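Novice: Next come a sequence and a model predicted from it.
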Amino acid sequence: MFVREGARDAGAAGRVVQLDPDRSLVRAAQADPARFDALYRKYLAQVYSFAHHELGDHHEAEDVTERTFMLALGALPRFRETAPEDAGPEASTFRVWLFRIARNVIANHRRAERRRPTAPLEAAANVAAPDDVEGRAVSRASASAAWAAVRRLPGDRRRAVVLRFVDEMSTAEIAGVLERSEGAVRVLLHRALRSVARELSVADAGDGRAAAGRAVPQVRERPGDGDHGR
Amino acid sequence: MILQPAGLDAIEADALRTDGYLDALLAAAERRAGDVPSDPMVDPGLRLAARRLRDELVRTHPSFRFEERLARRLADAAARMRLAPAAGSEAEAAVIPFPAPLLADPALSAELANPELAALLGIRGAADPPADDALLDGLPGSGGAAAPLDGTSPAPAGAGVPAWPFRQVQGRPLLVGGALTSAALSLAGAAFVAWRLTRGAPSDPMARAVRAARAAREAAAPAARHAQLLSAAGEADVRRRRLA
């Protein structure tokens, strides 16, 4: 635990917060850009997953990921740690900054796509790479009822869910990425879960297999039961 | 269980409980615990949905070919970023804080039409077309703001940071070319030369006259040199005859 830089100047003497866990890596990369590689390797899958879940196409996700990291590298000398006051102990301000870049690059990408709409490539991707393990995994994930329900959520609710479940961010970090308060993010997540639960119950009710093919829904919790095995 | 704090309405209190449940659920997954936390205060439907999302929303990894290609591109850009400060360190001012590949890539420069992203990257006024003289901002003596080049002490965002040079450089690629790799060139000199070169050829009458005079001088130069050589040869011949 460390005292945040400048805390004394801000009149918050004695307030102890956790610093960005990426701080040493960021400082090293600022001193020598070649060392950005460590940050790149650490966050590549997270940024790519976020982009892929947002865009639903792995080629577009790669484009967005590439631009995000190139912009982050270029702007890294200007990056300054500015953790929100109520950031949790695991909050990584570099990660929040990186995902905010990714979010904006995705928004730019969507704007550009609206100007020149193209047909979705999902079907073509399935046909073109039948032996692609990664592609099959992605298709399987995309085909799941839960994922379909998430895809139907409005923008920020969907982003909050992806950041929470896929990138395993804290509420404080999601608040930083989406530029909302933590309370607003909690409500977003709560409402998103309610929507997903509603959709899943409808899907399960309409499914003749009655969840026999699913692993998780077989476990039903009873209130007050305590923990259950998975 | 989380008690409802005073001042929270029902949805906020429910959201707080759900958030606590999600924290426990994801922490259990992280430590690969077999047990699934349960909070009877959280709606069972929500708990079920959360568990399905945890299990079904997978993190995907891009192809390794893509990973390595991007790693090489980043390494190349990083190497250029190291060269730029080395070339300009004597001037202790930054006109070119970003590497050439970034500046030259139209896809990246197009990203900065988004003012929110430009601000996030510490770029002031990137969306506005800069004045012609803005290129010289940050140079010593120009009165513009200067940013440190060492990269270890970045300037505070929005304070004294020169504008992002994407738009200035779009039509002036020489600014970030290999000229800067020469330690003999000062950053100020390179920027000034680039600025002059990208201004285009002057088209006023005086400039045309100067160009015409220079062309005539260059055309006359070989004849004059030839006459000079003939004259020198003649003098040598005369000297040789006298000695004889």
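Specialist: Done, it's in.
Novice: Stretch A:171-189 close to chain B?
Specialist: Yes. Interface with chain B: stretch A:171-189 contributes A:171, A:183, A:186-187, A:189 (CB under 8 Å from any CB of the partner chain). All C-beta atoms are positioned from the backbone trio N, CA, C, and that covers glycine.
Novice: Can you report how many residues lie near residue 40?
Specialist: All of this is about chain A. 22 (other CB atoms under 10 Å in any protein chain shown).
Novice: oops, I was thinking of chain B
Specialist: 14.
Novice: The helix or strand containing A:A149 packs against which elements?
Specialist: In this assignment (DSSP states H and E), A:A149 forms part of helix A:145-151. Contacts defined by 3 or more CB pairs under 8 Å, 6 or more residues apart in numbering or on different chains; DSSP states H and E place helix A:145-151 against helix A:155-165, helix A:182-206, helix B:44-56.
Novice: what's the closest of those to B:L74?
Specialist: Smallest distance to B:L74 across the helices and strands packed on helix A:145-151 (CB to CB): 23.6 Å, for helix A:155-165.
Novice: Report the mean per-residue pLDDT for the helix or strand following the closest one.
Specialist: Going down the chain from helix A:155-165, the next helix or strand is helix A:171-178, by DSSP H and E. Average pLDDT, helix A:171-178: 90.
Novice: With just CA atoms, put helix A:171-178 into CSV.
Specialist: Once non-C-alpha atoms are left out, helix A:171-178 reads as follows in CSV (Å, rounded to 0.1, in the frame of the first residue of the first chain):
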residue,chain,number,x,y,z
THR,A,171,-17.3,-2.0,-10.6
ALA,A,172,-14.8,0.9,-10.1
GLU,A,173,-12.9,0.0,-13.2
ILE,A,174,-16.0,-0.4,-15.3
ALA,A,175,-17.1,3.0,-14.0
GLY,A,176,-13.7,4.4,-15.2
VAL,A,177,-14.1,2.8,-18.6
LEU,A,178,-17.7,3.8,-19.2
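Novice: For that helix, name the packing helices and strands.
Specialist: Partner elements for helix A:171-178 (3+ CB pairs under 8 Å, 6+ apart): helix A:93-115, helix A:155-165, helix A:182-206.
Novice: Would you mind giving those helices as a markdown table with mean neighbour count and mean pLDDT added?
Specialist: Below are these laid out as a markdown table (neighbours: other CB atoms under 10 Å in any protein chain shown; pLDDT from 0 to 100):
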| stretch | mean neighbour count | mean pLDDT |
| --- | --- | --- |
| helix A:93-115 | 20 | 89 |
| helix A:155-165 | 23 | 92 |
| helix A:182-206 | 19 | 87 |
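Novice: domains for chain B, by residue range?
Specialist: B:10-56, B:91-197, B:205-244 (automatic domain parsing).
Novice: Against B:A232, how distant is B:R239?
Specialist: 11 Å (CB to CB, to the nearest Å).
Novice: give me the number of residues near A:T171?
Specialist: Around A:T171 there are 26 residues (other CB under 10 Å).
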